[in-house]
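Asks: Take this sequence and fold it.
(3 chains)
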Amino acid sequence: MKVRIKVNGVMREADVEPRLLLVHFLRDHLGLTGTHIGCDTTSCGACAVLLDGKAVKSCTIFTVMADGSSVTTIEGLGEPGKPHPIQEAFIRKNAFQCGYCTPGMIMAAYQLLTRIKRPSEEEIQEALSGNICRCTGYKSIVDAIKLASKNMYGK
Amino acid sequence: MERILQGIEEPLSADRFVFGRGKFVDDIHFEGMLHLKVIRSPYARARITRLEGGINGNELNAVLASVGEGEGGVGYPVLPRDFVNYVGQPVAAVFDTDRYKAEDRAEEVQIDYEPLKPIISIEDAIKSEPIHSQMKSNIVAEYELGKKFEQRAEIVLEDTLEMQRIIPNPLEPRGIIAFFDGTILNIFASTQSVHAWREGLSSSLKISRERIRVIQMDTGGAFGSKGGIYPEYIIASYLSLKTKRPVKWIETRLEHLQATNQGRGVKANMKIFANKSGRVSGLKAELYVDAGAYPFGAGIWSPRWIGYQITGPYAIRDVWVKGLSVLTNKVPQGPYRGAGRPEAAFFIERMMDRLADELGKDPFDIRLINTVNGEWRSRTGLVISDARRFLNEARKELLYDSMKRKRYIGFSFFVLIPAVEPGESARILIKDGRVRVWLGGSSHGQGHEFFARKVVSKELGIPIELIDFVRSDTEELGEGVGSWGSRSALLGGAALVEASRQILNEARKKLGKKPSAKELLRGEFDKKVFYKHKGQENSLGANLAIASFDEHGFARIEEIRAFYDAGVVLNEDMVISQIFGGSIQGLGEVISEIAAYNEDGQIINGSISEAGVLKCEGLPKIAVVFKRSRSSAPHGAKGVGESPTIGVPPACTRAIELLVGERLSMNPIPIEKLLMKKV
Amino acid sequence: MRSWVLFPKEFVYHRPNTLDEAFELLETLKNCKIIAGGQSLIPLMKLRLAEPSHIIDINRIPNLDYIRQVNNELRIGCLARISDIENSDLIRRTCPMLSECASTIADPLVRNMGTIGGNIAHADPNNDVPAALLALDGKIVAASKAGFRIIDADDFFLDAFTTVLRPNEIVKEVRIPINQNRACSYVKVERNYGDYGIVGVAVAITLNGDICERCIIALAGVSSKVTKAYEASKMIEGKKITTMLIKKASDIADTEAKPVSDIRGSEEFKRRMIRMAVLKALTQALKRIRKSA
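Replies: Residues are numbered from 1 along each chain as shown, chains lettered A, B, ... in the order given. Down below sits the predicted model:
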């Protein structure tokens, strides 16, 4: 089936099988490998992307369902030299170890800071409740999101 | 091969992950690549009565190398022909250029089974007929350590303690790309050790090391599970050798839950002899390790290793340990963050608390009275230095006395024995005005790039921006050990210091004076060294945990405090982050993480969440204090990576025990026991 | 028993633009499934525990994601996302327990996709929305080519993953009466954060002066379908609510439940959890009554 999906601002057209999961479309068809697969069961959030501005788990969406939508992946957020404030805060706070959960964490944080400019600790924890990190114990990630909030919206 | 390596060989920028620019195995795509789908046993134990289609054991007859010899002559088959022995065991494989179609092709394989009654518990394994008919029993390893003794003591306490099996669950599952280019079998690996993989592949596939090149891709955590080889790696390599095409296998999480080696799974009968003041004079321990379906790696050496450190940091005169490894119909046991150290600490620490309760004394005082200053060598050979001094410092640094007023606190004291022998390798290459650095062990979340560049920069006086850290690759650095056992900063760092000093010496000889950074960068140097380490390099640690009830009446840990001797801390942010992460893993082990089997040997955890991995809500506050010291290595670093999974479980278990008012002898604590009594 | 699969089986994809087109597809296709948010269906398809030949994607049918008040009734279109329900001002004002319930479902990312229609039609006994609907006297509008019928939530759920919905019907709308004399609460007990709950409890208490006229207690996750705790309700109804009475009622709140031992705990433990959660939910509802009074 033919789909048209705007990914990171670029219109992409492709002919895909209906069963193709969005995460495989992004990774295998478009080569956007920053979006990861961690769990198969919609638990871990390593595959989080923005679908029409909302953070969703791309392993639990068929590509055809995103036809006509716009998708933002970690690659569309910022780049070295021009990082998004959340990315910058993750670097500043060393908010990653193995790096596998990082893109999904950043996408979940992005949505949080869109909805709530100055989230409380509890609101940050709740926003990350669909994302698993096995290395950091989450502390540095929560700190990075606080820093990003401060840098984006002031105290 | 040079062409396909483009983009993989670039130096590792520390920031790559936040831009989605990490390169994990599944991120690599090659033209014509085949995706491997592994067909697995749905039974814990069964006879295979029909086996047709795909790649199966009739075609690929190989065993995982480390179990080929000895131990009753049982090999761990890559693909079994006659019997399957755990749920998830690979039985056949199919492939296609498309992942989804490879999945569909699973239907082409016909396997019939005649189910047999599986052996699930350690007790059953000891009583039952052997799982493997060529063996006499299910006992695959038996060790005695220390010395038999008889004692009359005022106090004799006995208890059975257990750390149940848990699933490593790094966020990136296992994975491999095997690519035989006609000459060399190139392996792109998610691994802790390219060298261990090359060794294992070479011996299982019976091809020489020289024809295998293993390159580490970014590795999304491992915690012990990615050190050695697994059947899937042999199958993927075999298929690439056969087809001369790149072959990719990426584990799904559900495969991980069933078929990746699991940690812990150890029971102990502990018996301590003490006087009324709490001084322990003797310890007898019987250890039982659930080795899983095949005698393999950790399952074999665990009882001896746990027995070796069963006294913890305490000066106990008489020690006798008997340790058994038994086979069950479960996936083989493997190392998991701490690998034996947490088990030993949990067992001895639970007994120290028990003794304190028995005598009505402060658990800290019981610990203190059992330590000495100076060097103590245990009956099993473990060397502990200045335990009493450390413990007194810990009391202060952890605010033990003021925290105790909060009532529900647990305290633990432990020794971390880094896996220092035989040492580790490193390479430094200076060329074209830049420095490139390799380590023998493969980083998988410890941030080797941070400390390695820092060490080299300090030794050579070259600005850190001019130093690149390069992913490990057997072609670039042919000898090495691996990254596990809290060893990399200590040994890898020491190897880098040694290589740096060799470069400085060489330059000094050439120039007749101490070289400047500029002079070094103008020249060309290439040093590969193997830093040999002999003897012990142990460090001490202590934890304190505070428990309280949550809104629903479940015990929770609200705070964890750590006082660790990490030697010279090379990158404080990374070390603290590792301690935080390890503490949460340790806490998970106490309250939720488990590989849960039913009586049919089916693993009933249906997801990574159901395996008990903690999410970020309701987690404790963590505070870390370092004891400043130096190791014998030239840069002074010690081990630290496993400290929290050793010290946190006994401290948290004790705090919860006091809170709920019931003796707790098992991790994870059954959920029923975490609940406030009056609820 | 291939429980390690990650890739769904092939299917034919249909994307109707109107309800009528969807009805037509439902009349003609065999082995088909409707997809809305997909947060329950897709995981099952990945495991190949569900292998529909046809998928009907109703996401493009306009005007099915509304949340509105019609007279004294809240009407929610089947495509309203769980996150919309969680954050809707109208629902927070008129029926806050439903928002409370929505906020306990899965995690924020899943809630962004998951829909109320899908949650109900899927009828997973662990799902929370069915319990809330039972407590709130909710009704479900099932639509088909032949027209529509309105089904009491009480009659809708038959068993695990089984409802009275006919194969040619779509859950089109959910209706909840608005009642300002009603105090409600939703309490969920989870083993690990973000996993399925051990138990979810929805309570709704309608007062007449001091006296509890009606008390509904609905339980999620502890039977093969959403269940009401009638015995406990009976104990409260017709009486003046007191802390003591609530305690006594919660002590028998597990009478009708049939929990089974599993990875989330033993049967006895789950019964304790039910009693505890009911006590908590009733207490919270009572607090809300006192606050508004």
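Asks: Let me see the contact set for the closest residue to chain B within chain A.
Replies: For chain A, the residue closest to chain B is residue A:34, as judged by CB to the nearest CB, at 1.8 Å. All C-beta atoms are positioned from the backbone trio N, CA, C, and that covers glycine. When contacts are counted by CB atoms under 8 Å, 6 or more residues apart in numbering or on different chains, residue A:34 touches A:73-75, A:103, B:19-22.
Asks: let's see 6 Å
Replies: Residues near residue A:34 by CB atoms under 6 Å, 6 or more residues apart in numbering or on different chains: A:73-75, A:103, B:20.
Asks: what does the model give the nearest residue to it once chain neighbours are set aside for pLDDT?
Replies: Leaving aside its sequence neighbours, residue A:34 sits nearest to residue B:20 (CB to CB, 6 or more residues apart in numbering or on different chains; 1.8 Å). As predicted, residue B:20 sits at a pLDDT of 96.
Asks: quick one: residue B:20 from residue A:36, how far?
Replies: 9 Å (CB to CB, to the nearest Å).
Asks: Name the residue in these two with the higher neighbour count.
Replies: residue A:36 (30 against 26; other CB atoms under 10 Å in any protein chain shown).
Asks: Now name the helix or strand holding the more buried one.
Replies: Using DSSP states H and E, residue A:36 is not contained in any helix or strand.
Asks: How about it: what's its closest non-neighbour residue?
Replies: residue A:46 (4.0 Å).
Asks: ok, how many other residues are close to that neighbour?
Replies: Neighbours of residue A:46 using other CB under 10 Å come to 27.
Asks: In contact with it, which residues?
Replies: Contacts of residue A:46 by CB under 6 Å, 6+ apart are A:36, A:38, A:101, A:104.
Asks: Now the third one: closest residue in space that isn't a chain neighbour?
Replies: Think residue A:101. According to CB to CB, 6+ apart, the nearest residue to residue A:101 is residue A:133 (4.5 Å).
Asks: Centroid-nearest residue for chain C?
Replies: residue C:129 (1.7 Å; CA atoms, centre = their mean).
Asks: same check, this time on chain A
Replies: residue A:107 (2.7 Å).
Asks: list the buried ones in the host helix or strand of that residue?
Replies: Counting by DSSP H and E, the element that carries residue A:107 is helix A:102-115. For helix A:102-115, burial by neighbour count (16 or more other CB atoms under 10 Å in any protein chain shown) applies to A:102-113.
Asks: What number of neighbouring residues does residue B:137 come out with?
Replies: 16.
Asks: who in chain A is up against chain B?
Replies: A:33-34, A:38-41, A:43-44, A:74-75, A:79-80, A:87, A:90-91, A:94, A:96-103, A:125, A:128-129, A:132, A:134-140 (CB under 6 Å from any CB of the partner chain).
Asks: Quick check on these: which are buried?
Replies: Of the residues of chain A next to chain B, these count as buried by 16+ other CB under 10 Å: A:33-34, A:38-41, A:43-44, A:74-75, A:87, A:90-91, A:94, A:96-103, A:125, A:128-129, A:132, A:134-140.
Asks: ok, back up a step: which residues does the residue nearest to residue A:34 contact?
Replies: A:34, A:74-75, A:103.
Asks: Secondary structure added to those residues, as JSON lines?
Replies: What follows is the contacts of residue B:20, written out as JSON lines (DSSP: H, G, I helix; E, B strand; the rest coil):
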{"residue": "A:34", "secondary structure": "coil"}
{"residue": "A:74", "secondary structure": "helix"}
{"residue": "A:75", "secondary structure": "helix"}
{"residue": "A:103", "secondary structure": "helix"}
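Asks: Which members of those residues are the farthest-apart pair?
Replies: Greatest spacing in the contacts of residue B:20, by CB to CB: A:75 and A:103 (8.6 Å).
Asks: on that earlier part again, nearest to residue B:518, of the buried residues of helix A:102-115?
Replies: Of these, the one sitting nearest to residue B:518 (CB to CB) turns out to be residue A:102, at 36.8 Å.
Asks: Measure how buried residue C:75 is and give me the count.
Replies: Residue C:75, neighbours per other CB under 10 Å, totals 17.
Asks: what does residue C:292 give?
Replies: So residue C:292, with other CB under 10 Å, has 10 neighbours.
Asks: Show me the residue of chain B that gets nearest to chain C, please.
Replies: For chain B, CB to the nearest CB, closest residue to chain C: residue B:42, 3.6 Å.
Asks: Tell me the secondary structure at that residue.
Replies: coil.
Asks: can you check residue B:380 too?
Replies: Applying three-state DSSP: residue B:380 is coil.
Asks: Good, we can wrap up now.
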